[in-house]
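Asks: model this:
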Amino acid sequence: MTVAIPISATPEQLATIAYNSEGLVPAIVQEEGTGQVLMMAWMNEDVLRETLESGRTVFWSRSRQSRWRKGDTSGDHQWVRAAFYDCDGDTLLFVVEQEGAGACHTGERSCFFRRFGPDGAGSAEPP
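Replies: Residues are numbered from 1 along each chain as shown. Purely as a prediction, here's the structure:
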C-alpha cells in the first residue's frame, strides 16, 4: 500500500512563490525513478498547501474553476516524494510515485506523448 508523505515548507519558502495575475503557478509533475515528465497543471496557494500537507497532488482546474485531486475519479493517484520551486519562484516541480495506468486523461502514461516532426505521429516517450 502506498503511503502519503507530507512535505514540510516554511512560511518563507511559501512566500517566495510568484503566482500569475490569476493567482496560479504552473506545476510540473515528474515520475520518481524514471525521471519522465508526466504532466503540467496549475496550482493556487490553497491547493499547493494541500498538496504539501497531504502528500498527494492537488491542482486547480482553470476550466471548472475548482480544485481537483489527481486520482479521485481515475484511480491514478500521485504520491508526492519531493517538491521544488525554481529560482524565480514561478514554477513548481513535484517528483511523484505514479500509481495506476498513468497521468494523462487520455490514458497515456505521460501527457507528453506526441512528438513534433515527420515521425511524430506515433506515441513516443521523450528522452
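Asks: show me what contacts the residue nearest the centre of the chain?
Replies: With distances taken as C-alpha atoms, centre = their mean, Val29 lies nearest the centre of the chain, 3.6 Å away. Shown in contact with Val29 (C-beta atoms under 8 Å, 6 or more residues apart in numbering): Val37, Leu38, Met39, Met40, Ala41, Thr57, Gln78, Phe94, Val96, Ala103. For glycine as for every other residue, the C-beta is placed from the backbone atoms N, C-alpha and C.
Asks: residue contacts, Ala48?
Replies: Slight slip there: residue 48 is Leu, not Ala. By C-beta under 8 Å, 6+ apart, the contact list for Leu48 reads Leu14, Ile17, Val25, Ala27, Leu92.
Asks: out of those, which end up buried?
Replies: Among those, those buried by neighbour count (16 or more other C-beta atoms under 10 Å) are Ile17, Val25, Ala27, Leu92.
Asks: isn't Arg81 up against Ile5?
Replies: Yes: at 6.8 Å, Arg81 counts as touching Ile5 under the criterion of C-beta atoms under 8 Å.
Asks: quick check, Asp14 in a strand?
Replies: For residue 14 the amino acid is Leu, not Asp. No: counting by DSSP: H, G, I helix; E, B strand; the rest coil, Leu14 falls outside a strand, being helix.
Asks: so what's Thr16 up against?
Replies: Taking C-beta under 8 Å, 6+ apart as the criterion, Thr16 is in contact with Tyr85, Gly89.
Asks: so for it, what's the pLDDT?
Replies: Per-residue confidence (pLDDT) for Thr16: 98.
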